[in-house]
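Asks: Below are the sequence and a predicted model; questions follow.
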Amino acid sequence: MGEKEKREERGLSRRDFIKKSAVGLAGAGLATLSMDSLFQWNPALAANVSPPKFKLEKNPVINVLRWSGFVKSDEEVWNANTKKWEKETGGKVITEYLSWEDVRSKAAMEASVGAGHDIVLGWYDDPHLYPDKLVDVSDVATYLGKKYGGWYPVCEVYGKLYGTNKWIALPIGSAGICINYRVSWVKEVGYEKLPSDIEGFIKCCKKLKAKGHPTGFALGHAVGDANTWTHWWLWSFGGKAVEKDGKTIAINSKETIQALDAVRELYETMIEGVASWLDPHNNKAFLSGLISVTSNGNSIFYASRKRFPEINKDLMTMNFPVGPVGHPAELSMISQAFIFKHTQVPNAAKHYLTFMFEKPQYGKWESETWGYITQTLKDYYSLPAWKKDPRITPYRECVKRMLWNGYAGPLGPASAAAMSEYVIVDMFADVCVGGKSPKKAAADAEKKLRKFYH
Amino acid sequence: MKQKAWTKFLRFYLPLGLFLLFLLFPFYWMFATTFKSDAELYNLKLNPFLIHHWSLVNLKHLFYQTPFLRWLWNTFFVAITSTLISLSTSLLAAYGIQRIRFKGSSMMGIGIFFCYLVPPTILFIPLATMVFKLHLWDSLWALSLIYPTFLIPFCTWLLMGYFNSIPKELEECAMMDGASRMWIFWRVIIPLSLPGILSAGIFAFTLSWNEYLYALTFISTSLKKTVSVGLVTELVRGDIYHWGPLMAGALFGSVPVALVYSFFVEYYVAGITGALKE
């Protein structure tokens, strides 16, 4: 393997980093990163990294709360890996699977009450809502980072308590989001593949619409789909919700207005009804052959493999096009594992999470989920699983290309509230469907954000 | 004569028909989706209101790949126990407030009703603390004991209204014959209040059957879940909704409630409308 390829696999070369830093990609969160943690990869060192020693409690029983497997194999492999840990340690793990939106409320309740599960696999900035309730997992994070090529920069933002080097959560993977499109229809309008820049992308979408193949992007309160593509669009034009001080609202800017002007063009190419779309709607529309382009996790690919072979044959995926800002600026859903302080078995919990991150377990998990979970540790970029099908390969780029919700401010109650109130999504919907001018929509979003950031 | 029939049709049957259509359409949709395959569900060229190729695949998924029958049993257990606890408490409370007329009883009646207006989302954190302290977490008894917190206020309020419609003279006659307060309550009030008790019971049963928030919060093990939580947990996976089995679950999950209503509908109406004729 050539040096260049190796660098590509690690996801961030020194030159890339300097470039990205220059355009402010890393923002406030990266201010907390140390250069050591970014470039600590050393194959010779990795081979000799010894895991932290955890003295397991006697007959530990760990209660885990996590989201239901998006794909069936996810739970199967997770459970098999868990059994392996039980066999090796004599411990016991009880895993509760919940629908992904319900995990957040249940975890918040347990944090508030101080009882319940020991480990939670939550979403986005969950751990930053109750950081004082969580066990410090810096030892595990440091070990894993050293052994597996380091964490992607955005993972450090999500995992570390803002402004410190203390890890309060371990980013376990991202339900990556990519563009999904119908190859034959794109060819029909004269393209080999969808353009990878936003300007070309809009042009192609217009041609598709003219040929009777509309696009479809959720503009309802879809936790995954709507949040991810609207943030991508905003950031790609240089817009952002808040400055890195976490106080100065930055949404009402010329970049945001530009993004909103451009999105109107994209909206003209969309199928009717997207304003009410939630997460499952674009899947259904795509699998029914109603739309030519959408953004999604790999569930469309996964579902079409067996149930809709005709669609599957004609499906291609790619990463989000790059906008005027000149570099990828995406949002994917990221899941974080964290341990509550109320646990009776902190050592066993840490040991269990370390075990689940190790290559024999994590690699299998990645492989069997067909790219549903994008790696957070750089070494897993080169897992053979990513080459199983060209349609899943782009998903391995998602974490590398993403920023964090609430960019460029810190993660915490304000970023969580802004997201759960769909401030960015509603701003786009107001312009596309609500008939507001971009200026008015940006001003309204600014007002809403002021409620959370002060 | 012909005109009278037309008038009746326009004033009665047409609105009734439209109302029924509006009311029953969700059930028809659940039924139709249950018996369609995925291929048919996603084929938008077909008429979505009709079943073109009947399929049992969704039922097979529901009954063989999820513990649906277990969830049904759990829901039944929780609904019955919480209804019994709520009814027995509410009967005593309503009778006490309405008939014994102690100092502050009317304020207490109003206070109990106000309790019903407190949203569960506010109550679930303090209730969670109690559940954990009582070691009831992940136990169906947690739900059986928590549901009465919102069932008792409404049932008490409903029964107070009903007791009010029973003439006091009946009790006074029994007292003159030497009957005790409890004897009167058991032998006079309860039999006369049966429609009210049944309507309160149906109300309590239905709310317990459909409850989601507490069932989600206090139960963890899959085999202990109720229908409303179990279906969402097992059949909604990220952005993939297994519509067929979900609709089958919703259909079969609503059958017990429909049965309860159909058996006791007359009592229910009498109970809600208040009345015992004096």
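Replies: All right, it came through fine.

Asks: residues in the stretch 101-250 of chain B within reach of chain A, list them.
Replies: B:124-125, B:128-129, B:132, B:137, B:216-217, B:220-222, B:232-234, B:236-241 (CB under 8 Å from any CB of the partner chain). From N, CA and C alone the C-beta is placed, and that goes for glycine too.

Asks: The same query, at a cut-off of 7 Å, please.
Replies: For the stretch 101-250 of chain B, the contact set with chain A under CB under 7 Å from any CB of the partner chain comprises B:124-125, B:128-129, B:132, B:216-217, B:220, B:232-233, B:236-241.

Asks: Kindly give a single PyMOL line that selects the buried subset of those residues.
Replies: Those of these that count as buried under 16 or more other CB atoms under 10 Å in any protein chain shown are selected in PyMOL with:
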select buried, chain B and resi 124+128+132+216+217+220+232+233+236+237+238+239+240+241
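
Asks: Please identify which pair of the residues of the stretch 101-250 of chain B next to chain A lies farthest apart.
Replies: B:129 and B:240 (35.5 Å; CB to CB).

Asks: Which ones among the residues of the stretch 101-250 of chain B next to chain A map onto helices?
Replies: Counting by DSSP state H, those place B:124-125, B:128-129, B:132, B:216-217, B:232-233 in helices.

Asks: Make a markdown table out of those residues and add pLDDT.
Replies: Formatted as a markdown table, these follow (pLDDT from 0 to 100):
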| residue | pLDDT |
| --- | --- |
| B:124 | 83 |
| B:125 | 86 |
| B:128 | 91 |
| B:129 | 91 |
| B:132 | 91 |
| B:216 | 92 |
| B:217 | 89 |
| B:232 | 91 |
| B:233 | 88 |
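
Asks: Residue B:189: which of these is nearest?
Replies: Nearest member of these to residue B:189, counting by CB to CB, is residue B:124, at 34.8 Å.

Asks: contacting residues around that closest one?
Replies: A:109, B:213-214, B:217 (CB atoms under 7 Å, 6 or more residues apart in numbering or on different chains).

Asks: re earlier: which of the residues of the stretch 101-250 of chain B next to chain A sits closest to residue B:49?
Replies: residue B:241 (19.9 Å).

Asks: export the particular helix or strand that has residue B:145 in it as PDB, just CAs?
Replies: Here residue B:145, judged by DSSP states H and E, is contained in helix B:140-146. C-alpha atoms of helix B:140-146 as PDB (Å, rounded to 0.1, in the frame of the first residue of the first chain):
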ATOM      1  CA  LEU B 140     -45.100  -4.800  35.000                       C
ATOM      2  CA  TRP B 141     -46.200  -3.900  38.600                       C
ATOM      3  CA  ALA B 142     -44.500  -0.500  38.000                       C
ATOM      4  CA  LEU B 143     -47.100   0.200  35.400                       C
ATOM      5  CA  SER B 144     -49.900  -1.300  37.300                       C
ATOM      6  CA  LEU B 145     -49.200   1.100  40.200                       C
ATOM      7  CA  ILE B 146     -48.300   4.100  38.100                       C
END
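
Asks: what does it rub up against?
Replies: B:74, B:77-78, B:81-82, B:85, B:127, B:131, B:136, B:214-215, B:218, B:224.

Asks: how does it look with 6 Å?
Replies: Helix B:140-146 has contacts (CB atoms under 6 Å, 6 or more residues apart in numbering or on different chains) with B:74, B:77-78, B:81-82, B:127, B:131, B:136, B:214, B:218.

Asks: likewise stretch B:50-60?
Replies: Outside stretch B:50-60, the residues touching it (CB under 6 Å, 6+ apart) are B:32, B:34-37, B:40, B:46, B:244-245, B:248.

Asks: which ones among those residues are found in helices?
Replies: B:32, B:34, B:40, B:244-245, B:248.

Asks: With adjacent residues omitted, what lies nearest to the residue in the stretch 251-400 of chain A positioned nearest to chain B?
Replies: Residue nearest to chain B within the stretch 251-400 of chain A (CB to the nearest CB): residue A:279, separated by 3.9 Å. Spatial nearest neighbour of residue A:279, chain neighbours left out: residue B:239 (3.9 Å); criterion: CB to CB, 6 or more residues apart in numbering or on different chains.

Asks: that older thread, now the contacts of helix B:140-146 as JSON lines including pLDDT and neighbour count?
Replies: Shown next, in JSON lines, are the contacts of helix B:140-146 (pLDDT from 0 to 100; neighbours: other CB atoms under 10 Å in any protein chain shown):
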{"residue": "B:74", "pLDDT": "97", "neighbour count": "22"}
{"residue": "B:77", "pLDDT": "97", "neighbour count": "15"}
{"residue": "B:78", "pLDDT": "97", "neighbour count": "26"}
{"residue": "B:81", "pLDDT": "98", "neighbour count": "18"}
{"residue": "B:82", "pLDDT": "97", "neighbour count": "28"}
{"residue": "B:127", "pLDDT": "92", "neighbour count": "20"}
{"residue": "B:131", "pLDDT": "93", "neighbour count": "24"}
{"residue": "B:136", "pLDDT": "94", "neighbour count": "17"}
{"residue": "B:214", "pLDDT": "93", "neighbour count": "24"}
{"residue": "B:218", "pLDDT": "92", "neighbour count": "26"}
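
Asks: and of the residues you listed, the nearest to chain A?
Replies: For those, the nearest to chain A is residue B:131 (8.6 Å; CB to the nearest CB).

Asks: hang on, the closest one packs against residue B:149?
Replies: No: counting by CB atoms under 6 Å, residue B:131 stays clear of residue B:149, with 11.3 Å between them.

Asks: measure stretch A:87-98 end to end?
Replies: Stretch A:87-98 has an end-to-end distance of 25 Å (criterion: CA to CA, to the nearest Å).

Asks: Which secondary structure elements does the helix or strand following the helix holding residue B:145 sit against?
Replies: Later in the chain than helix B:140-146, the nearest helix or strand by DSSP H and E is helix B:148-164. Secondary-structure packing of helix B:148-164 (3 or more CB pairs under 6 Å, 6 or more residues apart in numbering or on different chains; DSSP states H and E): helix B:68-95, helix B:105-117, helix B:194-210.

Asks: Name the residues that touch helix B:148-164?
Replies: B:82, B:85-86, B:89-90, B:93-94, B:97-98, B:109, B:112-113, B:115-116, B:193, B:196, B:200, B:204, B:274.

Asks: ditto for stretch B:109-120
Replies: Contacts of stretch B:109-120 (CB under 6 Å, 6+ apart): B:97, B:153-154, B:156-157, B:160, B:213.
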